[in-house]
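# Fold the following, please.
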Amino acid sequence: MTTVERQTTLYEQLSRQTRAAKIAARILASKSTEAKNQALEHMAEMLLLRQADILSANERDVAQAAARGSTKSFLDRLTLTPARIQTIAESVRAIVDLPDPIGEVLDRWQLHNGMMMEKRSVPLGVIAMIYEARPNVTVDAAALTLKTGNAVVLRGSADALASNRAITVALREGLRAAAFPEDAVQLVEAVEHEAVDLLVRMNETVDLVIPRGGAQLIRSVVEKSTVPVIETGVGNCHVYVDAEADEQMAWDIIVNAKTQRPSVCNAAETLLVHADIAPRWLPQAIQQLQERGVAIQGCERTRQLVQGITAAQESDWSTEYLDLILAVKVVADVHEAIEHIETYGSRHSESIITRNAETAALFLQQVDAAAVYHNASTRLTDGFVFGFGAEIGISTQKLHARGPMGLQALTSYKYVGYGNGQIIQ
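Model prediction:
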């Protein structure tokens, strides 16, 4: 098969899938909250009933990734266990308990001609989800889009293809049991990069593209897509320890932000420390981090305070490690910390540790990020923690959603008018 023939075949396949998703989305838009919740319950049940199949498929994916020399953090993101599947199923059931945003009247008013107008929340339509080796995203995306009356076309990483296929089979069984259209959840199994390039240009059938993964994936989708895109995921997050920080609190927060789960986007990647506190606080902090396996990439001042530290390169300040690696820099004050974050940050999550309310207020006002914290870990940027239920991603842009994207972020609105013969004069 020639390249042109292969691309034509791939386009036809994707066109069939997205057209089917468009039809399913129309059906979903009229489903009641009760019906959608029943479908979600069936989906959660099928995930548990098909657990053996899912785990077997995941074992194949993990074994192949390990054989290719994938990192420990990558394997952690890819791996499923009975406990993780249980948690994933519980996350689906948690969405059942959340308010349904669809059909909500956001505003209502009467025009001078007597017509009543409503601004009403509606589904977006068909969402294309493009993501890397996180099988849990398959479930989160399917559950959130179903609750909001959207259809989803999933294109995960080739590294997780077997896992995603087994999960999608279970989810579609759940939809069938609830008498819902199975095509509301579809998996693109084509592993060619052309599949993504074609999918993000299907304006007639796809309403929104959400890429979730590394910087390269997101940049590629943004550059090539003609469908609207919401950027998610890249998290070069900072913790700034001010001169007036509670030192024990600062230790606890940076250890949590870096080591609790280093392979996720809200883990801290850079530690900034005020020069006044650095001599007494930083050596102990680095010792605590190193005892937990963290490799330190330090600035010149950090290396003067702690012997044996690897010198940080310019690229370290902008790197999302997703691993037990931390860049450390001593700064003169909060202004330099803010400037550093502005220069190298990814607009994800940033934190300041200080007792000084004025310094904290300055940081919270001037740092441009989806989430900013005072005396708290960056790991808190999460849909569950925020009370949104499962999240489809964490948006680092400002339109149309920002931060953890729960149900509300997957809706649009339309205007509905109730008249009795009104016309334009």
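# which residues sit in contact with the residue lying closest to residue 318 once chain neighbours are set aside?
Spatial nearest neighbour of residue 318, excluding adjacent residues (C-beta to C-beta, 6 or more residues apart in numbering): residue 344 at 4.7 Å. Every residue, glycine included, has its C-beta placed from N, CA and C. Shown in contact with residue 344 (C-beta atoms under 8 Å, 6 or more residues apart in numbering): 236, 270, 317-318.
# Likewise for residue 1?
By C-beta under 8 Å, 6+ apart, the contact set of residue 1 is residue 9.
# now it: how far from residue 9?
7 Å (C-beta to C-beta, to the nearest Å).
# likewise residue 46?
Counting by C-beta to C-beta, the separation of residue 46 from residue 9 is 31 Å.
# what does residue 23 give?
For residue 23, the distance to residue 9 equals 22 Å [C-beta to C-beta].
# Neighbour count for those two, which is higher?
Using other C-beta atoms under 10 Å, the more surrounded residue of residue 23 and residue 9 is residue 23, with 15 against 12.
# list the contacts for residue 273?
240-241, 281-282, 285, 302, 328-331.
# Out of those, who's the most crowded?
residue 241 (29 neighbours).
# Bridged to it, which residues?
With DSSP bridges as the criterion, residue 241 is bridged to residue 273, residue 353.
# shouldn't it be in contact with residue 276?
No. With contacts counted by C-beta atoms under 8 Å, residue 241 stays clear of residue 276, the gap being 10.5 Å.
# What segments of the stretch 251-400 of the chain are helices?
For the stretch 251-400 of the chain, helices defined by DSSP state H, counting those that start in this stretch occupy the ranges 278-291, 300-305, 334-344, 357-366.
# Out of the ones you listed, which is closest to residue 98?
Closest to residue 98 of these is helix 357-366 (C-beta to C-beta; 27.9 Å).
# Residues touching that closest one, excluding its own?
Contacts with helix 357-366, where a contact means C-beta under 8 Å, 6+ apart, come from 240, 242, 244, 334, 337-338, 350, 352, 354, 372, 374-375.
# how much does that helix deviate in direction from helix 334-344?
Orientation check (axes from the mean of the first three to the mean of the last three C-alpha atoms, to 10 degrees): helix 357-366 against helix 334-344 gives 20 degrees.
# Need the mean per-residue confidence for helix 357-366.
What helix 357-366 shows for mean pLDDT is 98.
# what comes up buried for that helix?
For helix 357-366, a neighbour-count test (16 or more other C-beta atoms under 10 Å) marks 359-360, 362-363 as buried.
# ok, so of those residues, who is nearest residue 80?
Within the buried residues of helix 357-366, the smallest distance to residue 80 is 38.4 Å, found for residue 363 (C-beta to C-beta).
# On the three-state scheme, residue 415 is what?
Three-state call for residue 415 (DSSP: H, G, I helix; E, B strand; the rest coil): strand.
# Distance-wise, check it relative to residue 215.
Shown here: residue 415 relative to residue 215, a distance of 38 Å by C-beta to C-beta.
# out of the two, which sits in the busier spot?
Set residue 415 next to residue 215 and count neighbours by other C-beta under 10 Å: residue 215 wins out with 15 against 9.
# Spatially nearest residue to the more buried one (excluding sequence neighbours)?
Using C-beta to C-beta, 6+ apart and skipping residues adjacent in sequence, the residue nearest residue 215 is residue 234, 4.9 Å away.
# Am I right that the one you found is in a strand?
No. According to three-state DSSP, residue 234 belongs to no strand; its state is coil.
# Unless I'm misreading it, it sits right up against residue 319, doesn't it?
No. Look at residue 234 against residue 319 with C-beta under 8 Å: they stay out of range, at 10.6 Å.
# Tell me which helix or strand residue 209 sits in.
strand 208-212 (DSSP states H and E).
# coming back round to it: could I have the ChimeraX command that selects the buried members from the contacts of residue 344?
One line in ChimeraX is enough to select the buried members of the contacts of residue 344, burial here meaning 16+ other C-beta under 10 Å:
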select :236,270,317
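# Put together TSV for the contacts of residue 344, with distance to residue 198 on each row.
Putting the contacts of residue 344 into TSV (distance: C-beta to C-beta, whole Å) gives the following:
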residue	distance to residue 198
236	30
270	37
317	36
318	31
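# Tell me which of the contacts of residue 344 fall in strands.
Judged by DSSP state E, strands contain the following of those: residue 270.
# Show me the two of the contacts of residue 344 that sit farthest apart.
Longest span within those, C-beta to C-beta: 270 and 318, 9.2 Å.
# Run the chain-centre distance for stretch 199-211.
Relative to the chain's own centre, stretch 199-211 is displaced by 18 Å; criterion: C-alpha atoms, centre = their mean, to the nearest Å.
# Quick check, pLDDT for the closest residue to residue 292 other than its chain neighbours.
Excluding the flanking residues, the one nearest residue 292 by C-beta to C-beta, 6+ apart is residue 259, at 4.8 Å. For residue 259, the model assigns a pLDDT of 97.
# pretty sure residue 259 is in contact with residue 290, am I right?
No. Assessed by C-beta under 8 Å, residue 259 is found out of contact with residue 290, at 10.7 Å.
# Just give the closest residue to residue 265, not the sequence neighbours.
Of all residues not flanking residue 265 in the chain, residue 235 sits nearest, at 3.4 Å (C-beta to C-beta, 6+ apart).
# How about the contacts made by that neighbour?
Residue 235 makes contact with 264-267, 269, 320, 346, 348-349, 378, 394, 396, according to C-beta under 8 Å, 6+ apart.
# got CSV for these, with neighbour count and pLDDT too?
As requested, the contacts of residue 235 are exported to CSV (neighbours: other C-beta atoms under 10 Å; pLDDT from 0 to 100):
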residue, neighbour count, pLDDT
264, 19, 88
265, 25, 92
266, 23, 96
267, 26, 97
269, 30, 98
320, 17, 94
346, 23, 95
348, 25, 97
349, 32, 98
378, 28, 98
394, 26, 92
396, 24, 92
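# Export these as JSON lines, with columns for distance to residue 226.
Formatted as JSON lines, the contacts of residue 235 follow (distance: C-beta to C-beta, whole Å):
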{"residue": "264", "distance to residue 226": "30"}
{"residue": "265", "distance to residue 226": "26"}
{"residue": "266", "distance to residue 226": "30"}
{"residue": "267", "distance to residue 226": "33"}
{"residue": "269", "distance to residue 226": "32"}
{"residue": "320", "distance to residue 226": "27"}
{"residue": "346", "distance to residue 226": "24"}
{"residue": "348", "distance to residue 226": "26"}
{"residue": "349", "distance to residue 226": "30"}
{"residue": "378", "distance to residue 226": "34"}
{"residue": "394", "distance to residue 226": "24"}
{"residue": "396", "distance to residue 226": "21"}
